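Trainee: Let me see the structure of the following:
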Amino acid sequence: MAIKSGKKTGVSAVSPLSGEALHQRIAEKAYELYRSRGQRHGHDLKDWYEAEQLVLTEQRAQAQTEAPSARKGQRIAGRETRVETGRPAR
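Mentor: Next up is the predicted model:
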């Protein structure tokens, strides 16, 4: 898989999947679901929709956990601000 989580690589933020990368991740997840059911045919659409929901939920959760860490030490107009209040740090 082309996109790796920040925990494995040491990168602090991972960009959200979109376009072809998102499609590929959903396809991989749908295949995992197919295999987990014993590779029985006839449920491809159900697997795809379930995989889509899982991947998008996973992506939203990841974005929410990364957002607070991205704001820490945020600089506005050359001044460091406090995350809690948005006031300049002293």
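Trainee: need the longest helix for the chain.
Mentor: Counting residues, the longest helix in the chain under DSSP state H turns out to be helix 44-71.
Trainee: For it, name the packing helices and strands.
Mentor: Here helix 44-71 touches helix 19-36, going by 3 or more CB pairs under 8 Å, 6 or more residues apart in numbering; DSSP states H and E. All C-beta atoms are positioned from the backbone trio N, CA, C, and that covers glycine.
Trainee: buried residues in the helix it packs on?
Mentor: Taking 16 or more other CB atoms under 10 Å as the neighbour-count basis, helix 19-36 is seen to contain the buried residues 22, 25-26, 29-30, 33-34.
Trainee: Please apply the same query to stretch 50-58.
Mentor: 51-52, 54-55.
Trainee: Could you work out the most separated pair of those?
Mentor: Among those, the pair separated by the greatest distance (CB to CB) is Glu52 and Leu54, at 7.3 Å.
Trainee: if I look at Arg40, how far off is Ile26?
Mentor: With distances defined as CB to CB, to the nearest Å, the gap from Arg40 to Ile26 amounts to 20 Å.
Trainee: Can you give me the distance of Asp47 to Gln24?
Mentor: 15 Å.
Trainee: could the buried residues of helix 19-36 go into a markdown table alongside distance to Pro16 and pLDDT?
Mentor: Below are the buried residues of helix 19-36 laid out as a markdown table (distance: CB to CB, whole Å; pLDDT from 0 to 100):
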| residue | distance to Pro16 | pLDDT |
| --- | --- | --- |
| Leu22 | 8 | 92 |
| Arg25 | 11 | 94 |
| Ile26 | 13 | 95 |
| Lys29 | 15 | 96 |
| Ala30 | 19 | 96 |
| Leu33 | 22 | 94 |
| Tyr34 | 25 | 95 |
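Trainee: Can you give me every residue that contacts Leu33?
Mentor: For Leu33, the contact set (CB atoms under 8 Å, 6 or more residues apart in numbering) comprises 47, 50-51.
Trainee: Kindly provide the distance from it to Leu45.
Mentor: Here Leu33 is placed at a distance of 12 Å from Leu45 (CB to CB).
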